[in-house]
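A.B. asks: sequence first, then the predicted structure:
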Amino acid sequence: MAAFEPTVRVPVSDLNAAARIRNAALEGFAANGVAATSIRDVAAAAGVSPGLVQHHRMQRLRETPHPFQRVLRDLTDFLGI
C-alpha cells in the first residue's frame, strides 16, 4: 500500500499553533514512540512554548474522550472502513 499523502499541502507557516503542535506530536510519536516524545520536544518542533503544548494537550483531553480519536477517524475515512 502506498504511503498516505495529503491532497493539499499547507505551508507550516500558514498553520495555527494547534495544528503545528498536533503535527509535531504525531511526527515525534512516529519517529520516537509516545513514551520518548516529551512536551519540550513537541514545543521545539512546533515553534511554541512548552506551556502552550500543555494547554492544548489538556484542552484536547477535556474535549476528546480518546486523544487519538481524530487520527483514528481520519485513518478509517481514508481506508473507507
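C.D. replies: Received the coordinates, thanks. Residues are numbered from 1 along each chain as shown.

A.B. asks: select the longest helix from this protein.
C.D. replies: helix 17-32 (DSSP state H).

A.B. asks: so what does that helix touch, helix or strand wise?
C.D. replies: Here helix 17-32 touches helix 39-46, helix 50-63, going by 3 or more Cβ pairs under 8 Å, 6 or more residues apart in numbering; DSSP states H and E. C-beta: built from backbone N, CA, C; applies to glycine.

A.B. asks: give me that answer again for 10 Å
C.D. replies: Under the contact definition 3 or more Cβ pairs under 10 Å, 6 or more residues apart in numbering; DSSP states H and E, helix 17-32 sits against helix 39-46, helix 50-63, helix 69-79.

A.B. asks: what's the most buried one of these?
C.D. replies: helix 39-46 (a mean of 18; mean count of other Cβ atoms under 10 Å).

A.B. asks: what's next to that helix, contact-wise?
C.D. replies: If you take Cβ atoms under 10 Å, 6 or more residues apart in numbering as the criterion, helix 39-46 is touched by 12, 15, 17-29, 31-32, 37-38, 48-54, 56-57.

A.B. asks: what's the average pLDDT for it?
C.D. replies: In this model, helix 39-46 has an average pLDDT of 92.

A.B. asks: same question, stretch 17-24
C.D. replies: On average, stretch 17-24 scores 88.

A.B. asks: so, low pLDDT: which residues of the protein?
C.D. replies: Within the chain, the ranges that satisfy pLDDT under 70 run 1-14, 60-67.
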